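>>> need a structure here:
(chains A and B)
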Amino acid sequence: MTVAVPEPLLEIEDLSISFFTRAGEVQVVRDFSTTIMPGEIMGIVGESGSGKSTLALGIMRGLPSGGRIVGGRLIFKGRDVISMRERELRQIRGKEIAMVYQEPMASLNPAMRIGKQLMEVPRVHERVSRQEAWERSLDMVRAVGLPDPERIMQTYPHQLSGGQQQRIVIAMALLSKPSLLILDEPTTALDATVEAGIIELIKDLSHRYGTAMLFVSHNLGLILEVCDRVAVMYSGEAVETGDVRDVFERMRHPYTQGLFRAIPRLTADKNAHPLIAIPGQQPAPRERPKGCNFGPRCPHFREGLCDAADIPMVAVDAANAHFSRCIRIGEIDWDAPPQAAAAHEPIAPGAPVLEVEDVRKYYQENGNGLLAGGTRVVKANEAISFDAREAETLAIVGESGSGKSTLAKMLVGLETATNGRIAYRRTEIQDTPVEERDRKTVAGIQMVFQNPFDTLNPTQPVGAQIVRTLEKFRIGRTAGERRDRMLKLLDLVKLPPSFANRKPRQLSGGQKQRVGIARAFAGNARLVVADEPVSTLDVSVQAAVTELLMDIQRSNRTTMLFISHDLSLVRYIADRVIVMYLGHIVEQGTTEQIFSPPYHPYTEALLSAVPLADPQATKRRIVLKGEIPSPVDPPSGCPFQTRCPYKQLVPDKLCERELPPFRDLGRGHRSLCWLGDDVLGEMRPVIE
Amino acid sequence: MQFETIGPVGILLGVIARFWPVWIALAIVLAVGFRLRKRLGIYGRLHDDWAGLSGLMICFFWLFTAIFASIVAPFEPLQQIAIMKDAPPGAIDPDTGAVFLLGADRLARDVFSRMVFGSQIVLLIAPAATLFALIVGTMLGLPAGYHGGRIDGVLSFLANLVLAFPVILLFYLLVTPGVSETPIPQVLAGLFLVFPVMFFATLVSTRYSGQPKLLAPLLLATLVIGAWFYAGLVFNVDPLGLISLAPNELNIFVAVVFASSPGVFRIVRGLTMEIRTRDYVAAAQTRGEGPWYIMLWEILPNARGPLIVDACLRVGYTTILLGTLGYFGLGLAPESPDWGTAIKESSRLLRAHIHPALPPVIALMSFVLGLNLLADAIREQALKD
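Presented below is the predicted three-dimensional model:
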């Protein structure tokens, strides 16, 4: 009697991929091995530049020009992919292996109706009739959870939201019934609650159709939620592979462990458990050290051992196929607690620095074209009231379209308020644009921007940009004094003085962001508005920049408004939290109050949407229906009523008719909701 | 009349030998460029690419030819040796034994020398006119793109108006005797010249507004130099006698600036609209910078890539334009050695003698080709950033 051993769908053995540039060969992926069984979801996690996307493209042999597979084997369903001809490859691509990319709009033809694009897939691959293609497409649109499929089929891509577009891309990929679906960061461009919906869909489809998947992501939490097995990549190599739960519970590579210690947990607090950043940065492919790539950043590095020769994959637990590229597995005490940075005393907030009262911001938008007459009003902010005290961190949380960036612009004076009152240290500034503000106010309210590649002027040396800010704020009397002060600022953000003469392109993302922070604090700012300052940085760098920002803030007793969509980070960094939705503040309170019941229904959904990288924690799933409405055409009554799962608990359709009151739930905790105390009292924590 | 000639090989060697100072200068530039190419940014990277390098070398070749014209050319551009009338290439003057490398034209002037001296006029007027057009277009395009709204509406309308007007008709109007004798060209030149002065004054004053000790002398210097150029170029009354422009040169200048600046305006406006959404512009705004500082110091340096490419192409276009104008008998004086006029003059007798027409044609073609190659290479290299 023989036991049927299932054939692996895809076998990758010692795969190496290089790019050939004028400067020579650049090895992007080195000796990567894995197998994917039918129906299995394999995750690949790594920071930018780790080679994970190149690997995904290499499997389809869809590398951009200059990229080539230089070694190893690639067996798909028993056939060697590397030796295939272009014609054979075309039969596999799209039909057997389909791919979903990060940007949905890049995968859709903007000039073609959705229905026609979808129908093309079965028409081309299986040569079915128009009628059948239409029916299959319609079924698939229904299967990916889009409302009103007939109407969707008639629309053009730009008429759909980002989340809907990504669902269409997934539908298109699945229409050819592929046996392997490659997803390259499929939710990175989407909002948290929309992402949660897509993740739910991916898992559901994998169960329903038995499609094997290769899920590429930088987010450890997503990997844990979606995948069965995982490969952690670092600088072109897999450093640890195995069963997801096994790897997450028993990390056996210092890099994996470092990553986990660098991400904020929904359960951790900034004063008790500071984040531990991995020192240094990932080496570029040409600057890889001898021996272990992670060696120079590793706390367990041993000279003569780790840098002697290439490190092979070592079995941690052969039965579970758990491997690690660390030769000191047996010697390291993996359960030892990290050398934690000293815990900080919580800071007592002082007098209010900023008071915001009933602020509204409406934009007049002219109708497009000559015929679509009439102006529309975009209500970006509605009845915003809060205050921020000295030395306090106030987080503003919300998804796109929530009006959080508009609020930030009004504070720094890039916009003026339509209505209401904003007072900075008792001076009213709501109607004064930044050009008309006095120098002290301008220097006092500064901003840290989101995109490190955009925050510094690429044509000017870094030092000169800080010096210019000092000049503008009249700090230092002579050029020499300002230069000294600039070097001090660079030192404050832990950059060497030699960086003053560098151009921004010679700096990494994290370093640029540090310069941005130095610039914001140049004029002794009392209020710093940080607009997603670390959201585009890699995990290990994120921790260092976050800690830096908090250190400076703590020692200067600066007030910080921290705008973010990342609830784990907010939980970690903030003293108080404001949750915004469609221009309204829907809930505000201390971090403690926001992250424990009773919740506002939107906050509850947002919390549930956070992917958790903690295998021990369990959370309740609340997946919101539909999309965030447009601020041009907001729903009547409560802004959240179109997606609220609690709506039927409020009698008389009150939610649809009237804006709820901003109810005080005690000790400053306020919520914009009609729900009665009985319902709120029964709410259970989302994460346990 | 039969001339003794030195033969094709002799002509070739002779021409190459005459250019000796140009070759030396090119060799120095090339050697220095290769040595420092890692440190010279985008200029250095042009050395990595054949098209870019050849473009660069062609442009430098003509630049050095213009600089060393009096050494390279064996005769004066207007010098006539009557006996040599219509002499073929390589002909030897029986009296002095001097070689007319590329022959002589119908007025018995050395074609080679005229081509060499012609480069001086072309390389002065075309880049200078382009530079002025660039500054005028920039000074108008920046506020249009930055502020938008009504300013943009008015300026864009005016630019489109000029663009919609047939260029050749415009030139005819500007350089025909009837118009060029009126004060119109001078008024226009006066108007255009205000822009560079304003440009540099604004550049200096926005940068050093916080340091009055530095600002005052710099601003004064800018204004004095501006006034000097202004007097020389517009009114032709330079007290030092260094800068002067003949009236018909002024006309051409005005015509080229007038026709080119709307194109520059549109490019600058588009780039500004894109760059103004960047965070570093917002960062400058939040530290209280004025609009002109942001436009000139934050936006303009980051728009330089496409502008340099456009300028290269525009210099080539202007060079052809000078030729076209010359061909129509507009613009420069008929005895001027510039390539356009030379082509026109020699084209009349093309059936009898082809040799006086070819050198200026080849010179013009190669220079424009070099500029286009250079522009392409710069664009390519800039994309790699």
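>>> residues from the stretch 1-150 of chain B in reach of chain A?
Taking CB under 8 Å from any CB of the partner chain as the contact definition, the stretch 1-150 of chain B meets chain A at residue B:48. To be clear about C-beta, it is placed using only N, CA and C from the backbone, and glycine gets the same treatment.
>>> which residues does residue B:360 contact?
When contacts are counted by CB atoms under 8 Å, 6 or more residues apart in numbering or on different chains, residue B:360 is found next to B:114, B:115, B:118, B:339, B:340, B:342, B:343, B:346.
>>> now it: how far from residue B:64?
18 Å (CB to CB, to the nearest Å).
>>> again with residue B:320
22 Å.
>>> Okay, domains of chain A per the record?
When chain A is parsed with automatic domain parsing, its domains come out as A:10-227, A:237-324, A:353-578, A:596-682.
>>> Identify whichever of those domains lies nearest to residue B:284.
domain A:353-578 (7.9 Å; CB to CB).
>>> mind checking the end-to-end distance for the closest one?
Taking CA to CA, to the nearest Å, domain A:353-578 runs 17 Å from one end to the other.
>>> picking that back up, mean pLDDT for the domains of chain A - can I get that in JSON lines?
Converted to JSON lines, the domains of chain A look like this (pLDDT from 0 to 100):
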{"stretch": "domain A:10-227", "mean pLDDT": "86"}
{"stretch": "domain A:237-324", "mean pLDDT": "81"}
{"stretch": "domain A:353-578", "mean pLDDT": "86"}
{"stretch": "domain A:596-682", "mean pLDDT": "82"}
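>>> Would you tell me which of those gets closest to chain B?
domain A:353-578 (3.9 Å; CB to the nearest CB).
>>> so where do the helices sit in the stretch 51-200 of chain B?
Assigned helices in the stretch 51-200 of chain B, in chain order: B:69-72, B:111-147, B:149-164, B:167-175, B:177-180, B:184-207 (criterion: DSSP state H, counting those that start in this stretch).
>>> Pick out the residue closest to the middle of chain B.
For chain B, residue B:127 is the residue whose C-alpha lies nearest the centre (CA atoms, centre = their mean; 1.7 Å).
>>> burial count for the closest residue to that one other than its chain neighbours?
Among residues not flanking residue B:127 along the chain, residue B:315 sits closest, at 5.4 Å (CB to CB, 6 or more residues apart in numbering or on different chains). Neighbour count of residue B:315, defined by other CB atoms under 10 Å in any protein chain shown: 23.
>>> For residue B:315, which residues are in contact?
Taking CB under 8 Å, 6+ apart, we find residue B:315 in contact with B:126, B:127, B:130, B:371.
>>> And for residue A:196?
By CB under 8 Å, 6+ apart, the neighbours of residue A:196 are A:608, A:609, A:623, A:624.
>>> what's the following helix or strand after the helix or strand where it lies?
If you go by DSSP states H and E, residue A:196 is part of helix A:192-209. Downstream of helix A:192-209, the next assigned helix or strand under DSSP H and E is strand A:212-217.
>>> packing partners for that following strand?
Here strand A:212-217 touches strand A:41-45, helix A:52-59, strand A:180-184, helix A:192-209, helix A:220-226, going by 3 or more CB pairs under 8 Å, 6 or more residues apart in numbering or on different chains; DSSP states H and E.
>>> residues from chain A in reach of chain B?
Going by CB under 8 Å from any CB, the residues of chain A near chain B are A:22, A:412-414, A:434-435, A:437, A:439, A:442-443, A:445-447, A:449-451, A:454-460, A:469, A:471-474, A:505, A:516, A:519, A:523.
>>> So residue A:122 lies in a strand, does it not?
No: applying DSSP: H, G, I helix; E, B strand; the rest coil, one finds residue A:122 to be helix, outside a strand.
>>> Burial check on it, number of neighbours?
22.
>>> again, but for residue A:35
Residue A:35, neighbours per other CB under 10 Å, totals 15.
>>> How about the one 4 residues further on?
Neighbouring residues of residue A:39 were enumerated by other CB under 10 Å; the total is 16.
>>> dump the residue contacts of it.
Contacts of residue A:39 (CB under 8 Å, 6+ apart): A:206, A:210, A:211, A:212.
>>> Of those, just say which sits nearest to residue B:288.
residue A:206 (54.2 Å).
>>> Off-centre distance for stretch B:77-92?
How far stretch B:77-92 lies from its chain's middle: 30 Å, per CA atoms, centre = their mean, to the nearest Å.
>>> now swap in stretch B:252-267 and tell me
The answer for stretch B:252-267 is 13 Å, by CA atoms, centre = their mean.
>>> Next: stretch A:17-27.
From the chain centre to the centre of stretch A:17-27 is a distance of 30 Å (CA atoms, centre = their mean).
>>> Only the C-alpha atoms, please, for it, written as PDB.
Provided in PDB are the C-alpha atoms of stretch A:17-27 (Å, rounded to 0.1, in the frame of the first residue of the first chain):
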ATOM      1  CA  ILE A  17      18.800  36.300  -9.800                       C
ATOM      2  CA  SER A  18      21.200  39.000 -10.900                       C
ATOM      3  CA  PHE A  19      20.800  42.300 -12.700                       C
ATOM      4  CA  PHE A  20      23.400  43.200 -15.200                       C
ATOM      5  CA  THR A  21      24.100  47.000 -15.300                       C
ATOM      6  CA  ARG A  22      26.900  48.900 -16.900                       C
ATOM      7  CA  ALA A  23      28.700  48.800 -13.500                       C
ATOM      8  CA  GLY A  24      28.600  45.000 -13.600                       C
ATOM      9  CA  GLU A  25      26.600  42.200 -12.100                       C
ATOM     10  CA  VAL A  26      24.400  42.900  -9.100                       C
ATOM     11  CA  GLN A  27      23.100  39.800  -7.300                       C
END
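>>> Backbone dihedrals for residue A:640, please?
Dihedral pair for residue A:640: phi -90, psi 0, per degrees, to the nearest 10.
>>> quick one: which of residue B:320 and residue B:64 has more around it?
Neighbour totals were compared for residue B:320 and residue B:64, and residue B:64 leads with 21 against 16 (other CB under 10 Å).
>>> The more buried one contacts residue B:26, doesn't it?
Yes: if you go by CB atoms under 8 Å, residue B:64 and residue B:26 touch, sitting 6.5 Å apart.
>>> before we move on, back to that, going by distance to chain A, which of the contacts of residue B:315 wins?
residue B:130 (22.1 Å).
>>> ok, that closest one touching residue B:311?
Yes: at 5.8 Å, residue B:130 counts as touching residue B:311 under the criterion of CB under 8 Å.
>>> who's more crowded, these two?
Set side by side, residue B:130 and residue B:311 show more neighbours around residue B:130, with 25 against 21, by other CB under 10 Å.
>>> ok so, going back, among the domains of chain A, which is nearest residue B:106?
domain A:10-227 (52.6 Å).
>>> Quick one: end-to-end distance for the closest one.
16 Å.
>>> would you say residue A:27 is within a strand?
Yes: Residue A:27 forms part of a strand when assessed by three-state DSSP.
>>> wait, isn't it in contact with residue A:20?
No: Residue A:27 lies out of contact with residue A:20 (CB under 8 Å); the separation is 10.4 Å.
>>> Comparing the two, which residue is more hemmed in?
residue A:27 (19 against 13).
>>> where do the strands sit along chain B?
B:91-92, B:99-100 (DSSP state E).
>>> Quickly compare the ones you listed and say which is most buried.
Highest mean neighbour count among the strands of chain B (mean count of other CB atoms under 10 Å in any protein chain shown): strand B:99-100, with a mean of 24.
>>> now for that one, which elements pack on it?
Strand B:99-100 packs on strand B:91-92, going by 3+ CB pairs under 8 Å, 6+ apart.
>>> I am finished for the moment; much appreciated.
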